[in-house]
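Student: Whatever this is, show me its structure:
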Amino acid sequence: MSASLVRRGLELLDAPGSRVKAAPGLQQGRDAARQRRRRRRRVPQPGGNKTTVKGRVVKSAIEEYHKKKAVNHLRENLKYMLKGRIVANKDITKQVLAQNRGRKSKDQPPQKAAKKKPEGTVFTEEDFRKFEREYFGRP
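Tutor: A predicted model of the protein is given here:
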């Protein structure tokens, strides 16, 4: 703190009647120094003071940190995903997966072997009996 601020603070704390005045010679020396400082401050500099910007607001470092801090959206995303139970059509799902898959062989899913149906006869037992009767002539 500067000496003038300390002096002003002490003046405010002093009782109004108990104020002790300094010697007149010391008082004039202080006043002269103050006036010289005021004159120096008042002299306009050519081009003005460019260190300040008009309308600038000092920003809090804590607020800036919170603005740039990464935000975790996991809870919101989980709520959104679990809220709806709409299941997409399997054909559409396959199309999307096929579009996102690369063209390289390593990106392709393994080919599923086609299931072979067990080879059976087309004819039933009744057809065989009917054929026997007609061919061999047995009733």
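Student: In the chain, where is pLDDT below threshold?
Tutor: By pLDDT under 70, the weakly predicted segments of the chain are 1, 15-28, 42-53, 138-139.
Student: Outside of stretch 59-68 itself, list whatever touches it.
Tutor: Applying C-beta atoms under 8 Å, 6 or more residues apart in numbering, stretch 59-68 has no contact partners. For the C-beta atoms, the positions are set from N, CA and C on the backbone; glycine is no exception.
Student: just the helices in this structure please.
Tutor: For the chain, helices defined by DSSP state H occupy the ranges 3-13, 24-42, 61-68, 74-83, 90-100, 125-136.
Student: Dump those helices to TSV, plus mean neighbour count.
Tutor: Shown next, in TSV, are these (neighbours: other C-beta atoms under 10 Å):
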stretch	mean neighbour count
helix 3-13	9
helix 24-42	10
helix 61-68	9
helix 74-83	9
helix 90-100	9
helix 125-136	10
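Student: can you list the ones you listed in TSV and add distance to Q108?
Tutor: Putting the helices of the chain into TSV (distance: least, C-beta to C-beta, whole Å) gives the following:
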stretch	distance to Q108
helix 3-13	79
helix 24-42	80
helix 61-68	43
helix 74-83	28
helix 90-100	10
helix 125-136	46
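Student: Just tell me which of these ends up closest to Q111.
Tutor: helix 90-100 (13.8 Å; C-beta to C-beta).
Student: In terms of secondary structure, what does that closest one contact?
Tutor: Counting contacts by 3 or more C-beta pairs under 8 Å, 6 or more residues apart in numbering; DSSP states H and E, helix 90-100 packs against no other helix or strand.
Student: ok, F136 to T124 distance?
Tutor: Going from F136 to T124 by C-beta to C-beta, to the nearest Å gives 18 Å.
Student: and P109, which of the helices of the chain is closest to it?
Tutor: It's helix 90-100; of the helices of the chain, that one is closest to P109 (C-beta to C-beta) at 8.7 Å.
Student: if we can go back for a sec, please identify which of the helices of the chain is closest to K112.
Tutor: helix 90-100 (12.8 Å).
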